[in-house]
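K.L.:
I would like to see how this sequence folds:
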Amino acid sequence: MSVVRFRRCLFVCAIGIFLLSVLIPANAADRAREIAAHSLLAEGEKLNEATQPAAALGIFERVAREYPETEAGMFAQFRRAETLVFLDRCTEAIARAQMVIETYPNTVVAAWAQWCIGRALISEGRVSDGVEALRKVAEILPDRSDLTPFDYARLELGSLCETHIQRSGNILDAAKCLRVDASDSKSRAEILATVAAYRGKDGRIDLAYPLLRRLAEECPSESMEIEWARTQVATAYLRSRNCKREELSARAVELLEPIASTGRAGDDVVAKATLWLARYYKVNGEPKRAAELLQPAIERCLNTSHGAEMLYELGLVLARVGKSAESLSAMKRLVDEKPFSKYADAARNFIEVGLPSDPSEPIESLVKWAEEHYAPKYRLLAFAPGDGSLDNPYLVAMQAVALAKEDRPDLSIELLDRFAAQRENAGFLIERAISDARLLAAENPKTVVASWAQFAVGRLMIERGEVAGGVAELRKVRAFRNDTRAFDAARMLLGKLCVERLGNDRDVLDAADFLGISKSQPASRAELYAIVAGYLGREGRIDLANPILARMESECPGDGTELAWAKTQVGVGYLRLHDCGGEFAKLAADMLAGVCSSGFDGDDTAAEACLWLARYRNRQGNLEDAVALLSSAESRYSKTAHAAEILYELGFALRRQNRAEEGIAVLRRVVKGWPLTKWARLACDAVGMGSSVGSSSLGLQLPAQTVTAGRAADSVIGALRPAFTAQEEGSVANLTPLDRLLSPWKDSHLDLLRAKGEIALCAVCSAIENKRYSMEAAGVAASIIVELSRLLDRKYTESSVVLLNTIAKIVTDTKENPLSASVSAEWFNSLAHMYSSVKLYRKALKMLQRASAFSDVPIDLQAKIRYYMGLFYREIRHPDSAEHCFQTVIRRYPQTGWSKLASMQLVDLKSTRATK
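P.N.:
Predicted coordinates for the structure are as follows:
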């Protein structure tokens with residue numbers, strides 16, 4: 001071999017060794033970077049879910065900056081644009097999204113960016129441009145492997161279409177909204193599919209099914225639109241029912257089965273239909289059938305957006321039928337082929353822990369298995385009682401071990417006992433809940449509590465499958481003259497059952513046999529008409545309810561009570577869902593006006609009608625009429641269930657009329673007369689805003705309206721700060737004149753938020769500095785947050801959360817507490833309610849736990865704290881802890897009003913858990 005050739009070979013070998021030593025580690029490093037980027041991206045998404053968009057924006061910018069070459073870095077660019085929309089920075093969001101589309105053309109992330117542009121344009125009021133942008137999403141998608149942005153865009157369009165339809169009553173009028181020609185078959189199919197998917201998004205397959213049938217009849221050649229709409233409606237229904245077998249589940253399965261059997265590869269619609277059909281089989285005791293459906297489909301649909309989820313479901317159903325090796329193989333494949341999916345983490349835990357081969361083996365064996373596989377990461381199960389699903393024996397066993405290791409053996413034993421009881425009798429929990437409800441009704445005869453207990457009995461019997469018996473029990477719920485709430489709830493459930501059985505093609509009277517009433521008797525017909533019309537009305541469907549009311553008036557003219565009740569439900573339902581606007585608002589108001597004029601004193605139905613009629617007139621600008629109506633209603637309906645709410649509305653209406661002293665006096669009456677209601681708490685917050693300090697005594701000199709909102713806010717803050725710190729009693733300035741001073745800048749929501757947030761913070765700081773925990777200061781902060789959430793269309797901003805965290809830190813960091821235990825406990829209780837007003841229930845619980853730690857606290861306050869702990873545990877889905885809190889209130893504080901409330905919550909909690 002020549003020297004030249006030898007050197008050439010040596011050089012090639014060196015290059016090969018270099019590639020082996022450098023390139024392979026680089027691939028591993030790239031994968032590690034991708035995983036790190038995805039983890040960081042997930043943190044930002046969680047912050048967005050927790051309504052902290054400003055903090056999330058920083059994380060997304062970091063991902064895009066530090067990991068630009070990764071898939072997560074690409075999606076971070078879109079998330080930045082989306083978060084800017086949350087922050088009302090729509091112009092900036094549109095520009096950012098447009099850059100994403102130009103950088104990554106014809107990709108899924110580009111489609112998401114286009115969806116973001118559509119949302120931003122609609123938020124700015126440019127609806128036509130927004131519709132056009134949303135319809136472009138389908139054009140940008142590279143293929144049908146991931147249709148998620150398309151789904152979201154269609155639902156946005158469906159919401160806009162529904163508004164057009166409600167105005168005219170004709171579905172095809174939505175063509176004006178979508179800017180298409182309704183006479184064209186393709187456009188007609190798009191309209192019908194979009195509206196059907198929107199109506200079915202909350203599980204309302206009964207509303208969407210007639211449109212699906214019409215879509216198939218009028219546009220049979222548009223198979224893609226038909227399949228997409230059917231999949232959206234059916235999967236939404238199964239999701240809302242947790243895939244349980246119910247009367248309309250068969251209709252959902254009927255819609256999905258032909259789509260799942262098409263065998264089309266790489267189609268996200270087929271993958272979604274197959275996945276949810278398999279889940280339905282799994283939940284209803286057919287895991288083998290689910291596995292047979294998933295196994296061939298995965299090979300065709302692995303690269304769709306549902307591929308990872310399908311693999312995970314396959315692993316679960318294979319484990320359930322005893323094929324452990326194949327189950328682990330599916331999970332390992334998921335980890336290898338979809339390492340960045342959220343299901344990959346769950347699969348890794350599955351592989352690491354493993355599962356016993358027989359899920360029906362004795363509880364002792366399950367606990368032994370859990371002890372052998374216990375790891376520190378399972379410690380959190382001890383502090384999350386709601387996570388122990390009784391449908392999962394392995395998780396129950398692991399949770400029991402975690403509770404025992406955390407010195408909570410009583411809860412561990414209780415958990416295992418409950419699980420054992422359910423294994424012995426699947427209806428055990430329902431039966432116990434029914435027994436408790438019957439006992440509660442017997443102990444409180446002829447009371448509102450008895451009505452609610454009777455409602456619980458009927459509802460539970462229906463959930464248990466005894467529909468006829470449950471309907472009979474619901475019809476026994478008593479309507480008290482001064483409180484019809486339980487009666488209303490029972491009728492709403494009866495109405496829902498009737499509508500689901502009637503569909504859109506049958507006469508209302510066909511439901512008579514189902515309710516067990518006679519068609520021939522006018523009183524029975526009136527009851528049936530009222531139930532169906534009332535339910536449709538509460539759902540906002542005044543267009544469907546009004547013909548039934550007209551028929552009721554003509555056929556049953558002598559039954560004014562039923563007619564008044566039905567009209568109230570229809571009118572209130574429409575005004576509540578449409579914010580007192582829309583074409584039918586005047587019709588709803590006229591219905592309520594008729595009820596108000598004919599109602600007698602002390603009638604709860606008439607009280608509700610007057611309340612909502614006053615709200616309508618107030619929002620229409622007729623403040624004087626609203627005050628007059630509320631003033632009259634306040635005396636006529638002072639003993640009804642809506643009395644506190646009427647007074648609360650009257651108090652705020654008077655304040656809007658610049659009659660602040662009268663308004664505060666009325667709100668104080670709410671606090672004094674109905675201390676256990678939410679209206680008392682809201683009124684207490686509002687009363688805390690009032691004092692003798694007005695704008696004149698503060699010497700405010702606001703700049704002209706040409707000055708920016710930010711500078712105006714700074715002027716207000718600067719003028720108010722000395723006023724807070726100078727007050728001896730720590731009282732807070734009257735914010736009613738402040739609202740008038742800030743009104744020229746109310747269009748700039750974020751500046752107004754900043755100004756009022758600073759005001760609240762100044763008040764709290766002043767109270768702490770003066771060694772006084774001012775309840776007025778807490779009231780100001782809570783009221784500001786509630787008011788601003790309303791001002792910002794109930795979008796809780798990151799600034800509100802920052803304000804709460806700052807106030808809590810000031811209070812909890814104060815080393816010297818010169819006040820009594822009761823005042824301190826009340827202070828932490830107020831902080832808890834402030835957190836709950838922005839839906840931060842976990843932080844609210846921490847404040848209540850601090851409040852419960854004080855001794856020598858009045859019994860009523862102790863009961864109140866425990867009761868709200870139970871409510872907040874329910875909000876974060878920890879039913880075991882909630883039940884424990886309610887039982888504590890009943891056992892320790894039976895003489896307080898909170899005990900009755902806890903009893904009602906306990907019955908509802910048990911019935912809810914029993915039906916899951």
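K.L.:
contacts and neighbour counts: CA atoms only from here.
P.N.:
OK.
K.L.:
State the next helix or strand along the chain beyond the host helix or strand of residue 569.
P.N.:
Here residue 569, judged by DSSP states H and E, is contained in helix 560-577. If you walk from helix 560-577 toward the C-terminus, the next helix or strand you reach (DSSP H and E) is helix 585-598.
K.L.:
Now do the buried residues in that next one.
P.N.:
Under the neighbour-count criterion of 16 or more other Cα atoms under 10 Å, helix 585-598 has 585, 588, 589, 591, 592, 593, 594, 595, 596 buried.
K.L.:
go on, stretch 868-888?
P.N.:
868-875, 878-883, 885-888.
K.L.:
Check what pLDDT residue 135 gets.
P.N.:
Looking at residue 135, its pLDDT is 88.
K.L.:
now swap in residue 385 and tell me
P.N.:
pLDDT for residue 385: 41.
K.L.:
Next, the angle helix 585-598 makes with the helix holding residue 569.
P.N.:
Orientation check (axes from the mean of the first three to the mean of the last three Cα atoms, to 10 degrees): helix 560-577 against helix 585-598 gives 140 degrees.
K.L.:
looking only at pLDDT, what's the mean for helix 560-577?
P.N.:
On average, helix 560-577 scores 82.
K.L.:
Remind me what that helix packs against, helices and strands.
P.N.:
Applying 3 or more Cα pairs under 8 Å, 6 or more residues apart in numbering; DSSP states H and E, one finds that helix 560-577 contacts helix 522-538, helix 542-555, helix 585-598, helix 604-619.
K.L.:
List the residues that contact the closest residue to residue 525 other than its chain neighbours.
P.N.:
Excluding the flanking residues, the one nearest residue 525 by Cα to Cα, 6 or more residues apart in numbering is residue 519, at 5.7 Å. With contact taken as Cα atoms under 8 Å, 6 or more residues apart in numbering, residue 519 is in contact with 509, 512, 525.
K.L.:
follow-up on the earlier one: can you list the buried residues of helix 585-598 in CSV and add distance to residue 134 and pLDDT?
P.N.:
Formatted as CSV, those follow (distance: Cα to Cα, whole Å; pLDDT from 0 to 100):
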residue, distance to residue 134, pLDDT
585, 29, 79
588, 33, 82
589, 35, 83
591, 38, 85
592, 39, 84
593, 41, 85
594, 43, 84
595, 44, 83
596, 45, 82
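K.L.:
what's the closest of those residues to residue 537?
P.N.:
Distance to residue 537 across these (Cα to Cα) is lowest for residue 588, with 9.7 Å.
K.L.:
Surely residue 511 and residue 502 touch.
P.N.:
Yes - the pair residue 511 / residue 502 is scored as a contact, 7.0 Å apart, by Cα atoms under 8 Å.
K.L.:
Which of those two has more residues huddled nearby?
P.N.:
Ranked by neighbour count (other Cα atoms under 10 Å), residue 511 and residue 502 place residue 511 first, with 21 against 16.
K.L.:
Distance check, that one against residue 118.
P.N.:
44 Å (Cα to Cα, to the nearest Å).
K.L.:
now do residue 322
P.N.:
From residue 322 across to residue 118, the span is 48 Å (Cα to Cα).
K.L.:
So for those two, which residue has more residues nearby?
P.N.:
A count of neighbours by other Cα under 10 Å puts residue 118 above the other of residue 322 and residue 118, at 27 against 15.
K.L.:
And what about residue 207, helix, strand or coil?
P.N.:
Counting by DSSP: H, G, I helix; E, B strand; the rest coil, the backbone at residue 207 sits in helix.
K.L.:
In contact with the residue lying closest to it once chain neighbours are set aside, which residues?
P.N.:
Residue nearest to residue 207 in three dimensions, not counting chain neighbours: residue 199, with 6.3 Å by Cα to Cα, 6+ apart. Neighbouring residues of residue 199 by Cα under 8 Å, 6+ apart: 205, 207, 208.
K.L.:
what residues are up against the last one?
P.N.:
Looking back up the chat, that one is residue 208. Contacts of residue 208 (Cα under 8 Å, 6+ apart): 195, 196, 197, 199, 200, 233.
K.L.:
related to what we said a few turns ago, and of the helices and strands packed on helix 560-577, who's closest to residue 190?
P.N.:
Nearest to residue 190, of these and by Cα to Cα, is helix 542-555 at 23.6 Å.
K.L.:
what angle sits between that closest one and helix 585-598?
P.N.:
Using the same axes, to 10 degrees: helix 542-555 against helix 585-598 is 40 degrees.
K.L.:
From the buried residues of helix 585-598, pick the one nearest residue 651.
P.N.:
Of all the buried residues of helix 585-598, residue 651 sits closest to residue 596, with 20.3 Å by Cα to Cα.
K.L.:
and the gap between that closest one and residue 284?
P.N.:
Separation of residue 596 from residue 284 (Cα to Cα): 50 Å.
K.L.:
same thing with residue 841?
P.N.:
Distance of residue 841 to residue 284, computed by Cα to Cα: 34 Å.
K.L.:
neighbour count winner among those two?
P.N.:
Set side by side, residue 841 and residue 284 show more neighbours around residue 841, with 22 against 12, by other Cα under 10 Å.
K.L.:
Which helix or strand contains the closest residue to that one other than its chain neighbours?
P.N.:
Distances taken as Cα to Cα, 6+ apart place residue 872 nearest to residue 841, at 5.8 Å, with adjacent residues excluded. With elements taken from DSSP H and E, the one containing residue 872 is helix 859-875.
K.L.:
Could you tell me the angle between the helix or strand just after that helix and helix 859-875?
P.N.:
Per DSSP H and E, the first helix or strand lying C-terminal to helix 859-875 is helix 879-892. Counting by the same axes, to 10 degrees, helix 879-892 points 160 degrees away from the direction of helix 859-875.
K.L.:
who does helix 879-892 touch, helix- and strand-wise?
P.N.:
Helix 879-892 makes packing contacts with helix 859-875, helix 897-914 when contacts are defined by 3+ Cα pairs under 8 Å, 6+ apart.
K.L.:
would CSV of the helices and strands packed on helix 560-577 with distance to residue 836 be doable?
P.N.:
Formatted as CSV, the helices and strands packed on helix 560-577 follow (distance: least, Cα to Cα, whole Å):
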stretch, distance to residue 836
helix 522-538, 27
helix 542-555, 33
helix 585-598, 32
helix 604-619, 25
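K.L.:
of all those, which lies closest to residue 56?
P.N.:
Checking these against residue 56 by Cα to Cα gives helix 604-619 as the closest, at 35.5 Å.
K.L.:
For the closest one, list the C-alpha coordinates in PDB.
P.N.:
Taking C-alpha atoms only, helix 604-619 is exported to PDB below (Å, rounded to 0.1, in the frame of the first residue of the first chain):
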ATOM      1  CA  ASP A 604     -90.700  34.300  45.400                       C
ATOM      2  CA  THR A 605     -91.400  33.900  41.600                       C
ATOM      3  CA  ALA A 606     -92.600  37.500  41.400                       C
ATOM      4  CA  ALA A 607     -89.500  38.600  43.400                       C
ATOM      5  CA  GLU A 608     -87.200  37.000  40.900                       C
ATOM      6  CA  ALA A 609     -89.000  38.600  38.000                       C
ATOM      7  CA  CYS A 610     -88.800  42.100  39.600                       C
ATOM      8  CA  LEU A 611     -85.100  41.600  40.300                       C
ATOM      9  CA  TRP A 612     -84.200  40.800  36.700                       C
ATOM     10  CA  LEU A 613     -86.600  43.400  35.200                       C
ATOM     11  CA  ALA A 614     -84.800  46.000  37.400                       C
ATOM     12  CA  ARG A 615     -81.400  44.700  36.100                       C
ATOM     13  CA  TYR A 616     -82.600  45.000  32.500                       C
ATOM     14  CA  ARG A 617     -83.800  48.500  33.000                       C
ATOM     15  CA  ASN A 618     -80.600  49.500  34.800                       C
ATOM     16  CA  ARG A 619     -78.400  48.100  31.900                       C
END
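K.L.:
Right, I'll call it a day here.
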